[in-house]
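Undergrad: take this sequence and fold it.
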Amino acid sequence: RPAGAAADATPTAVDTRTTPPQPAGASAIDPAPTTDAARDLFSWTAQWWPVAVEADLAREKPHASRLLGDRLVLWHDGAAWRAAADVCSHRLAPLSEGRVDGQGRIVCSYHGWAYGGDGVPASIPQAAHDSPRCEAAACASRRGAIATRPVMVDVGVVWVWGESGAGAAAAAARCGRGAR
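TA: Below is the predicted model:
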């Protein structure tokens, strides 16, 4: 080491005698491909993910879960398991702290908004107080909806699709078993 050189200095050149040749788009320091095609080969969200063992879940109450960093709520609507963002669209309270009513809807513990398995509000008590017509108009607004995800149960495990939105159910169906 030359006099005055730092002990932790990093080399500035790559010794090609000991470093194997790299494919186009990669470097000796970062061997990951940098082309758009290589990055698009795998989508972490466009997959089925196991989130719970069905036997461990009580069907009569909501359950908090996490998937790829997103907070989710799981509940059984009497016919199937459902998954949605664990946040009420009204005041952002966690839906997992609420309850499942007798009609299989998840009900927020804060103001009592109830959501069906499709994520659309089915009941808004504050609007119902005004009139049934007012509540119907409030429930019909997509602004009050919560994001839902396809769910299936296979080999005793509850699986949730990693994406929500209009195309999630179709994408989940194309990726193997489809939503059940």
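Undergrad: go ahead and confirm Ala171 touches Ala46.
TA: Yes - under the criterion of CB atoms under 8 Å, Ala171 makes contact with Ala46 at 5.8 Å. For every residue, glycine as well, the C-beta is placed using N, CA and C.
Undergrad: find the residues that touch each one of these two.
TA: Glu163 (CB atoms under 8 Å, 6 or more residues apart in numbering).
Undergrad: low-scoring pLDDT stretches of the chain, where are they?
TA: 1-40, 176-180 (pLDDT under 70).
Undergrad: how about the strands in it?
TA: For the chain, the strands defined by DSSP state E occupy 48-53, 63-67, 70-76, 81-85, 99-100, 106-107, 114-115, 121-123, 148-149, 151-154, 157-161.
Undergrad: redo those as TSV? Include mean neighbour count and distance to Ala93.
TA: As requested, these are exported to TSV (neighbours: other CB atoms under 10 Å; distance: least, CB to CB, whole Å):
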stretch	mean neighbour count	distance to Ala93
strand 48-53	16	21
strand 63-67	16	12
strand 70-76	22	11
strand 81-85	23	12
strand 99-100	18	12
strand 106-107	26	11
strand 114-115	24	12
strand 121-123	20	14
strand 148-149	25	17
strand 151-154	17	22
strand 157-161	23	21
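Undergrad: would you turn these into CSV with distance to His129?
TA: As requested, the strands of the chain are exported to CSV (distance: least, CB to CB, whole Å):
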stretch, distance to His129
strand 48-53, 36
strand 63-67, 30
strand 70-76, 26
strand 81-85, 25
strand 99-100, 20
strand 106-107, 16
strand 114-115, 15
strand 121-123, 12
strand 148-149, 27
strand 151-154, 33
strand 157-161, 35
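Undergrad: more crowded one of Ala171 and Ala46?
TA: Ala171 (18 against 15; other CB atoms under 10 Å).
Undergrad: for the protein, what spans make up the helices?
TA: Using DSSP state H, the helices of the chain run over residues 36-39, 125-130, 132-140, 168-174.
Undergrad: highest average neighbour count across those?
TA: Of all the helices of the chain, helix 168-174 has the most neighbours on average by mean count of other CB atoms under 10 Å, namely a mean of 16.
Undergrad: packing partners for it?
TA: strand 157-161 (3 or more CB pairs under 8 Å, 6 or more residues apart in numbering; DSSP states H and E).
Undergrad: neighbouring contacts of the strand it packs on?
TA: Contacts of strand 157-161 (CB under 8 Å, 6+ apart): 47-54, 57, 65, 67, 72, 74, 81, 83, 149-153, 168-169, 171-172, 175, 179.
Undergrad: show me how far that strand is from its chain's centre.
TA: In terms of CA atoms, centre = their mean, to the nearest Å, the centre of strand 157-161 is set 11 Å apart from its chain centre.
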